[in-house]
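A.B. asks: give me a 3D structure for the following:
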Amino acid sequence: MARIGFYGGTFNPIHLGHVGVCRQAVKQLRLDCLHVIPAFIPPHKASPDLAAGEDRLAMCRLALQGLPNILADDYELTRGGVSYTIETMRHMRECYSEDDFYLIMGTDNYLTFTAWREWQALGRMCTLAVASREEDDKEALYQQARLLAREGVLSIFLDNPVRVVSSTEIRQMLRAGEPCGDLSPAVAEYIAAHGLYKGCKEMPLPEALQIMRRSAIMTEIDFREQPQLIHGFAAAEILGRYGVRDKDIENAVRYHTTGRAGMSRLEKIVYLADLTEEGRHYPDVAEMRRWADRSLDGAMLYALCYTIGKLCRRKSPLCRESWQAYNEYVKLCKEEKE
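C.D. replies: Predicted structure coming up:
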């Protein structure tokens, strides 16, 4: 009878903290094999900047290369859909019907385990192996262990506290171009070579234009003269890489700097939020915020008047989307007054 571990997550990207958990789990639990399973769509948290599945799998393979008894498993990526652990474990039980299962997780997931889909059934299929951190509330962990034990769910705490590493902070550092020591050299090289975790605003102009050419984006604006507008259009085109297929969201991202005729409520909100967020300090921003509190359409007209007027004073080109939006909101606001 083999001892098999399963460690799921987004691994966005996999870092040295994850690798440390893998090493400790194999050692302490005496695992014959540990499956590291990147999720296709995580069920418990939103991941707006989730890298493509094939990239996350490739990074896992690079980070785990040479480590005995540890492998990167593409099951959830191949299956697609929301990656519920219970469904994965049922599949694994069909493959390994007689073996002992250990489900490795961090303390955040452990403390919310009872919110997981079919958690009682999942807990009966495997022992929970928890990678804790030095600063964790040990009493809360032990209380959770007692609660789960009453439901027949066994827990083991890995001995060595894991390194406190945040994938979110790593992505922020990468986006800012800062060096990050929490990635293996192979993973860091892969991220750089594939341009992962770049915000579209930081994307080099030729790269953004290439995305737009591949996607056959056609607009009358000369983006080379106004490169600050590219990020919205380019970002809309790469949403699909992260599993976003909602057309309203795509349009809200695409037109958040230009506006357009026929904007949805979400598009208006995102457009105005970009213009009025707290980091904006231009002269008319206070008045624009007041308009946003009173009327979305009125705020849109005020915002378009401001941005179009600024472009005209600079003798900058004006895109078709903006003047069509302006014409529409002039008409809408006139009708409201009448």
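
A.B. asks: show me what the helix or strand residue 60 falls within is packed up against.
C.D. replies: Residue 60 is part of helix 53-64 when elements are defined by DSSP states H and E. Where contact means 3 or more C-beta pairs under 8 Å, 6 or more residues apart in numbering; DSSP states H and E, helix 53-64 is packed against helix 16-29, strand 33-38, strand 70-72, helix 75-79, helix 185-194. Backbone N, C-alpha and C define where each C-beta goes, glycine included.

A.B. asks: most packed of the ones you listed?
C.D. replies: strand 33-38 (a mean of 23; mean count of other C-beta atoms under 10 Å).

A.B. asks: tell me which strands and helices that strand is in contact with?
C.D. replies: Checking 3+ C-beta pairs under 8 Å, 6+ apart, strand 33-38 ends up next to strand 3-9, helix 16-29, helix 53-64, strand 70-72, helix 75-79.

A.B. asks: pipe those into TSV and attach distance to residue 165 and mean pLDDT per row.
C.D. replies: Listed next are the helices and strands packed on strand 33-38 as TSV, based on distance: least, C-beta to C-beta, whole Å; pLDDT from 0 to 100:
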stretch	distance to residue 165	mean pLDDT
strand 3-9	12	97
helix 16-29	3	95
helix 53-64	12	94
strand 70-72	18	97
helix 75-79	22	93
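
A.B. asks: so for residue 184, which of these sits nearest?
C.D. replies: Nearest of the helices and strands packed on strand 33-38 to residue 184, taken as C-beta to C-beta: helix 53-64 at 5.0 Å.

A.B. asks: which residues are in contact with the closest one?
C.D. replies: 10-15, 18-19, 22, 36, 38, 40, 50-51, 70-72, 74, 77, 184, 186-187, 190-191, 194, 196 (C-beta atoms under 8 Å, 6 or more residues apart in numbering).

A.B. asks: if we use 6 Å, what do you get?
C.D. replies: Outside helix 53-64, the residues that touch it by C-beta atoms under 6 Å, 6 or more residues apart in numbering are 11, 13-14, 19, 36, 38, 40, 70, 72, 74, 77, 184, 186-187, 190.

A.B. asks: any chance of the helices and strands packed on helix 53-64 in TSV, with distance to residue 265 too?
C.D. replies: Supplementary listing: these in TSV, determined by distance: least, C-beta to C-beta, whole Å:
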stretch	distance to residue 265
helix 16-29	40
strand 33-38	35
strand 70-72	42
helix 75-79	34
helix 185-194	36
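
A.B. asks: so which of those gets nearest residue 134?
C.D. replies: Nearest to residue 134 among the helices and strands packed on helix 53-64 is helix 16-29; the distance by C-beta to C-beta comes to 12.7 Å.

A.B. asks: so which strand or helix has the closest residue to residue 112 other than its chain neighbours?
C.D. replies: Take residue 112 and drop its neighbours on the chain: the residue closest to it by C-beta to C-beta, 6 or more residues apart in numbering is residue 44, 7.3 Å away. For residue 44, there is no helix or strand it lies in under DSSP H and E.

A.B. asks: and residue 44, how far is that from residue 66?
C.D. replies: Per C-beta to C-beta, to the nearest Å, residue 44 is found 31 Å from residue 66.

A.B. asks: with residue 320 instead?
C.D. replies: Counting by C-beta to C-beta - residue 320 and residue 66 are separated by 55 Å.

A.B. asks: noted, bye for now.
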